[in-house]
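Asker: Fold the following.
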Amino acid sequence: MEAAQADPARFEALYRKYVAQVYSYAAYELRDRHDAEDATERTFLAALAHLARFEERARPDDGEGASTFRVWLFQIARNVVAERHRARRRRPETPLEAAAELTAPLDLERDVARRDEAREALGAIGRLTGDRRQALVLRFVDEMSTAEIAGILGRSEGAVRVLIHRALRSVARDLDGRAGRDG
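Answerer: The predicted structure is shown next:
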């Protein structure tokens, strides 16, 4: 601690000693890995910035190597976590993944068209014969490899590739035929 106060470049030893503990505390309190990383970073930056103000309060009877630095560091971490909680209450955030689910009002027409296209494609797949339909579903819905599909359907990999190719051509013809009638 004294070495770090004399030369901030020596703060690295304190960082290495306590980073996992501070991160663990922040992760438990914030329940978000990214927020915990940010809180850990802010804690150590604040500790480094205020290192000159730290006063060792450990008494000789506390034992050799005793230090109140850890307590001081965790007080900083506690304040950083509390500030993050306050910020969440003031400005609630939604995970980025949720934005993909939102629909902008101007995209409503496009979304309706997409749903119609998806419904038509599912209908075309549903009109396929058993093995062709199963091969497409296993490949594109269940994301199985050609080898896995071959094992399930009891066919060779080459036969499965041909089956999928023919199924896709049938679906495309079906959709083109429907578009021609509707257009």
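
Asker: Skip the chain neighbours and tell me the closest residue to L48.
Answerer: Nearest residue to L48, sequence neighbours excluded (CB to CB, 6 or more residues apart in numbering): F11, at 5.4 Å. C-beta here means a position set from N, CA and C on the backbone, and glycine is covered the same way.

Asker: tell me, how many neighbours does that neighbour end up with?
Answerer: Residues contacting F11 under the criterion other CB atoms under 10 Å number 17.

Asker: start the count at 409, not 1, going forward
Answerer: In the new count, where the first residue is 409, that last one comes out as F419.

Asker: where's it relative to R581, distance?
Answerer: 70 Å (CB to CB, to the nearest Å).

Asker: Let me see the domain layout of this structure.
Answerer: Using automatic domain parsing, the domains assigned to the chain come out as 410-504, 511-590.

Asker: For the ones you listed, give me JSON lines that also has mean pLDDT.
Answerer: Output for the domains of the chain, formatted as JSON lines (pLDDT from 0 to 100):
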{"stretch": "domain 410-504", "mean pLDDT": "82"}
{"stretch": "domain 511-590", "mean pLDDT": "82"}
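
Asker: In this protein, spot the helix with the most residues.
Answerer: Using DSSP state H, we find that the single longest helix of the chain is helix 565-590.
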